[in-house]
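Student: next input, structure requested:
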Amino acid sequence: FGLMLGDADYGLVMTFLCLFVKFKYKPEPRKRATVNYGLGCGLSTTFWGAMQNSWFGDLPKWIANGLKSNEPTDFISTHHLYWFDPLQNTTRFLLLCFFIGILHLILANCINLYKMSKQGMAFEGFFEVVPILLILVGIIPVINSYIGGGALAEIPSTQPIDNMINAAAPVLYILLIIGAIGVVVGPAIVRIKQKSSVGKVLGGLGGGLYGLYNAASGYLGDILSYSRLLALGLCTGVIASVINQLAATPGGGNWFLFIIIFIIGHTINLGINEYGAEVADIQSSIAKKITAVKAALADVPEDSIFVTNYYVSPQYDYNSESENYNKIVGYNVSVSIIIADAAVDDVGDLISKSTEAGANYVGNVEYKCSNYEEVYASALADAVRKAKSKAEAIAAAAEGTLGSIVSITEGYENTSYRSNASYDYGAMKTMGVAEDSIELSPEEAEIEASVTIEYRMN
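Tutor: Next comes the predicted model:
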């Protein structure tokens with residue numbers, strides 16, 4: 001959030017407002033959590049804004065030059081009391097965003113390794129997670145060289161980082177290769193430990209090759225997605241600078257006009273970019289959870305996992321005692337992950353893995369007959385035999401014999417019989433029911449078929 005909003009004065013405004021609400025009105029626990037969240041965002045925004053020399057955009061420069069220009073003659077700029085200017089060093093800002101993304105992914109995988117170890121799966125966790133960690137660390141010099149193009153080495157404030165990466169590059173490249181090999185052979189080693197058959201061990205190698213492709217495309221995509229920090233951060237800074245330019249231009253240094261335009265413009269810019277940063281922050285969290293859930297379901301074929309129903313909605317304060325009952329207090333982002341064609345015996349394990357990976361709502365477990373077409377064809381054959389038997393009985397009662405078929409029509413196929421049970425685990429999870437205590441007991445499904453046959457009677 002701090003990088004995306006990225007202005008120290010905007011952060012100070014947020015911080016002071018949150019502190020004022022926190023100590024003046026002493027909100028109830030639910031609202032206090034929202035205030036604390038805003039306070040943390042404000043402090044982070046202040047820090048990163050100061051690091052990037054953004055104080056209401058380039059306001060100190062305009063003040064130092066009497067509103068005549070924005071030349072860097074102010075105290076902060078002349079003494080370089082900041083890390084770097086993202087508007088002048090865009091590539092460095094982009095690299096910083098990528099490195100933060102790598103750090104987040106490393107932290108998420110370390111948590112996953114810890115959870116697997118707590119579940120008695122330390123061996124499996126080692127060969128599943130450690131190779132990914134090696135790849136994430138080993139890809140740093142690749143990003144620095146092929147995306148950064150030596151941008152970190154161009155200014156003194158970031159040159160030490162470039163020197164460290166280049167010095168460690170040979171070791172990091174080796175870790176990258178070891179990680180790639182580990183992703184491929186790791187599943188096979190786990191199956192050997194489990195004393196699986198040769199076929200399953202070879203299948204593990206095949207799964208490892210797919211895992212390598214998934215790691216290369218999935219994790220690289222996750223890292224590149226952090227470029228949105230750059231987009232939103234630059235958006236805030238550029239708009240803030242443009243507002244200052246607009247405020248200073250009409251009066252040629254008229255402070256009265258400057259202050260009016262300044263207040264209106266920065267109030268709007270803060271509101272718009274705070275909204276954008278917060279929603280993007282939640283979307284980033286959702287994207288990480290989707291990646292984590294899909295990684296936890298690595299044994300499920302990719303064509304059986306579907307991500308659908310992406311929905312963003314504002315959350316309002318409906319407290320009747322408040323005058324601002326329609327005030328937006330947060331945002332809710334939800335997305336559905338559908339797992340199709342899973343065996344009944346695997347459903348409980350899939351639910352457990354999904355919730356451990358970050359899914360906070362599991363519902364609508366639907367059972368389908370795996371051999372539906374075969375059973376339905378058998379039911380059709382039974383329907384034809386029964387229809388013929390009834391026709392023969394009718395013909396005999398009329399003192400005739402059954403002739404040839406004139407027409408035969410299949411009745412309506414009620415596909416709803418494919419699903420015979422549905423369970424909602426959302427409420428169970430809310431009540432604290434553990435996933436492993438939920439028993440799945442699908443009932444028997446009835447599959448019906450009907451036909452209409454016309455015969456000639458002799």
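Student: average pLDDT for stretch 206-216?
Tutor: Average pLDDT, stretch 206-216: 79.
Student: how far is it from where the chain is centred?
Tutor: Averaging C-alpha positions (Cα atoms, centre = their mean, to the nearest Å) puts stretch 206-216 20 Å from its chain's average.
Student: so what touches that stretch?
Tutor: Residues outside stretch 206-216 that contact it (Cβ atoms under 8 Å, 6 or more residues apart in numbering): 132, 135, 180, 183, 184, 185, 186, 187, 188, 298, 299, 302. For the C-beta atoms, the positions are set from N, CA and C on the backbone; glycine is no exception.
Student: filter these down to the buried ones.
Tutor: For the contacts of stretch 206-216, a burial check counting by 16 or more other Cβ atoms under 10 Å picks out 132, 135, 180, 183, 184, 185, 186, 187, 188.
Student: the closest residue to residue 224 other than its chain neighbours and residue 248: what is the separation?
Tutor: In this structure, residue 224 finds its nearest non-sequential neighbour in residue 98, 7.4 Å apart by Cβ to Cβ, 6 or more residues apart in numbering. Taking Cβ to Cβ, to the nearest Å as the measure, residue 98 falls 35 Å from residue 248.
Student: go on, residue 149?
Tutor: Per Cβ to Cβ, residue 149 is found 35 Å from residue 248.
Student: okay, those two: which has more neighbours?
Tutor: Neighbours were counted for residue 149 and for residue 248 using other Cβ atoms under 10 Å; residue 248 has more, 25 against 12.
Student: SS state for the closest residue in space to that one that isn't next to it in sequence?
Tutor: Once flanking residues are discounted, residue 248 sits nearest to residue 67: 4.5 Å by Cβ to Cβ, 6+ apart. Secondary structure for residue 67, judged by DSSP: H, G, I helix; E, B strand; the rest coil, is coil.
Student: show the pLDDT at residue 270.
Tutor: On the pLDDT scale, residue 270 gets 62.
Student: hang on, the earlier thing: and the residue nearest to residue 224, that one's in a helix?
Tutor: Yes - counting by three-state DSSP, residue 98 is located in a helix.
Student: next, the contact list for it, please.
Tutor: 143, 147, 223, 224, 226, 227.
Student: hmm, 10 Å instead?
Tutor: Residues near residue 98 by Cβ atoms under 10 Å, 6 or more residues apart in numbering: 139-140, 143-144, 147-148, 223-227, 229-230.
Student: which regions of the stretch 301-450 of the chain sit below the pLDDT cut-off?
Tutor: Across the stretch 301-450 of the chain, the ranges flagged by pLDDT under 70 are 303, 308-333, 340-345, 360-370, 412-445.
Student: need the buried ones among the contacts of stretch 206-216 in JSON lines with pLDDT, can you?
Tutor: JSON lines is the format used below for those (pLDDT from 0 to 100):
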{"residue": "132", "pLDDT": "88"}
{"residue": "135", "pLDDT": "88"}
{"residue": "180", "pLDDT": "88"}
{"residue": "183", "pLDDT": "86"}
{"residue": "184", "pLDDT": "85"}
{"residue": "185", "pLDDT": "86"}
{"residue": "186", "pLDDT": "84"}
{"residue": "187", "pLDDT": "83"}
{"residue": "188", "pLDDT": "84"}
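Student: which two of these have the greatest separation?
Tutor: Farthest pair in the buried ones among the contacts of stretch 206-216 (Cβ to Cβ) is 135 and 188. Separation: 17.9 Å.
Student: pLDDT on the helix or strand residue 22 falls within, on average?
Tutor: For residue 22, the element it lies in under DSSP states H and E is helix 8-24. Per-residue pLDDT over helix 8-24 has a mean of 88.
Student: got the buried residues for it?
Tutor: By neighbour count on 16+ other Cβ under 10 Å, the buried set for helix 8-24 is 8, 9, 10, 11, 12, 13, 14, 15, 18, 21, 22.
Student: just those now: which is nearest residue 153?
Tutor: For the buried residues of helix 8-24, the closest approach to residue 153 (Cβ to Cβ) belongs to residue 8, at 26.9 Å.
Student: and the closest one, how far is that from residue 163?
Tutor: 28 Å.
Student: need the contact list for residue 406.
Tutor: 453, 454, 455, 456.
Student: JSON lines please, covering the residues you listed and showing distance to residue 356.
Tutor: Below are the contacts of residue 406 laid out as JSON lines (distance: Cβ to Cβ, whole Å):
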{"residue": "453", "distance to residue 356": "55"}
{"residue": "454", "distance to residue 356": "59"}
{"residue": "455", "distance to residue 356": "61"}
{"residue": "456", "distance to residue 356": "66"}
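Student: between those residues, which has the most around it?
Tutor: In terms of neighbours by other Cβ under 10 Å, these top out with residue 455 at 19 neighbours.
Student: please report phi then psi for it.
Tutor: In terms of degrees, to the nearest 10, the main-chain angles of residue 455 are phi -120, psi 160.
Student: may I have the beta-bridge partners of it?
Tutor: Using DSSP bridges, the bridge partners assigned to residue 455 are residue 405.
Student: is it correct that it is in contact with residue 389?
Tutor: No - Residue 455 is beyond contact range of residue 389, at 11.8 Å (criterion: Cβ atoms under 10 Å).
Student: residue ranges of the strands in the chain, please?
Tutor: Secondary structure of the chain, counting by DSSP state E: strands at 305-316, 328-339, 363-366, 402-410, 422-424, 451-457.
Student: ok, back up a step: and which of the buried residues of helix 8-24 is nearest residue 192?
Tutor: Using Cβ to Cβ, the buried residues of helix 8-24 come closest to residue 192 at residue 11, 53.6 Å.
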